[in-house]
Structure formats: C-alpha cells, structure tokens
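Participant: Quick one: sequence plus predicted model below, questions after.
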Amino acid sequence: MRLGNKTLLFGCHQILIHPLFVLMGWVKLYGWKMLNANIMLAIIFHDWGYIGCMTMDGPDGSLHPTRLPKRLVRLLPQESLVQIVYHSRHLSSKYGFEPSLLCWADKIGTAMMPSFLWALMAYLSGEGWEYMSNPNNNDYVEGEDFTLLGLRRFHIKYKEWAWSAIGVSRSDRRTP
C-alpha cells in the first residue's frame, strides 16, 4: 500500500483524527468567529491529495495540496481551495504567496495531538521514518531513532517548534 494511502487511513493524516486536531488548532489560533463552512471543508479535505502518493515530502507528496481528486475540486468553493493549496509552506513559497491561515492551524493541530498518539500513527504508517530522515524538508526538528519512543521525542520537539513559530507562549498553549 502506498504511503499516502496509509497516512490517510491510519497514519498522521488519518481522515477523522487529523482534521479534528486541525479544527482545534484553528479555534485556538483564530477562534470560532473565523470558522465557516468553506474553512470546515478545507480542514476536512486539505490532505486528501496524499491519495496514491509514494512519499510524504518527495516529488509527489510535496504537491499533495494540488493533487486533490478532480471530482472533489469541482465541488469545493474557491475559498476552500485557496486554503488547501496554500496550507503548504513549500507551495506558498514556490508560487510567491503567504501560507494560508490553514497552514498554521494544521501545524498547531499537529502540535496539539498527544505525542504518544502521533508516534503510534507515524510508526504504523511508516511515514515517521521519512519525516525524521529528510533534513532538507524538515529543517525545524532533528531526527530521532525510528522507534515509538524516538517518534514521541521527535513529536515533542516538533511541538516546541510549531508553538514558537507562531509566537504562542507556554502559558497559552494548554495542549492535551
């Protein structure tokens, strides 16, 4: 099974768990007032472009925001599509745009996930190995050993990076 399918089924981008944490990240950063139906659609579908990808950060996975199923693209409103495409810092930079608000909600949502859960999902799908072994795309967190404990330590370091990247103090974090 391809890595992109694994991440959506039981990995770090699992189609029920990950959007729930991204929603929590959105509310933490922007509040309920900035949440609307278009944002909810973007939160739910933003990583579905991983379907069929062999990698997470490689040539196909790095373009996942632009690889949404065509039927889905036709159904989504423009606001949702813009949030989805520019939730990738890589693509935002490539196209000369600022990352969308969803980008930061995605990062904080991942940081709000309990480290033991993230580590288990990264281990089961195998994607954690790619995250930790790719220093070019993962310049903000040092890799660890590919064990559940190593993945947990990696995620704990990721949490520190994500919170500091958006300037949220420790006392304002209150993560699960």
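Facilitator: Alright, I've got the coordinates.

Participant: Tell me which residue lies nearest the centroid of this structure.
Facilitator: Centroid check for the chain by Cα atoms, centre = their mean gives residue 106 as the closest residue, at 4.8 Å.

Participant: Check the offset of the helix or strand harbouring it from the chain's centre.
Facilitator: In this assignment (DSSP states H and E), residue 106 forms part of helix 101-112. Taking Cα atoms, centre = their mean, to the nearest Å, one finds helix 101-112 lying 7 Å from the centre of the chain it belongs to.

Participant: other SSEs contacting the helix or strand that contains residue 164?
Facilitator: Counting by DSSP H and E, the element that carries residue 164 is helix 148-165. Helix 148-165 makes packing contacts with helix 101-112, helix 115-125, helix 127-133 when contacts are defined by 3 or more Cβ pairs under 8 Å, 6 or more residues apart in numbering; DSSP states H and E. From N, CA and C alone the C-beta is placed, and that goes for glycine too.

Participant: Most tightly packed of the ones you listed?
Facilitator: helix 101-112 (a mean of 23; mean count of other Cβ atoms under 10 Å).

Participant: And the helix holding residue 164, what's buried?
Facilitator: Taking 16 or more other Cβ atoms under 10 Å as the neighbour-count basis, helix 148-165 is seen to contain the buried residues 150, 151, 152, 153, 154, 155, 157, 158, 159, 162, 163.

Participant: Residue 87: which of these is nearest?
Facilitator: Distance to residue 87, by Cβ to Cβ, is smallest for residue 162 among the buried residues of helix 148-165, at 13.8 Å.

Participant: Give me the distance between the closest one and residue 81.
Facilitator: Applying Cβ to Cβ, to the nearest Å, one obtains 24 Å for the distance of residue 162 from residue 81.
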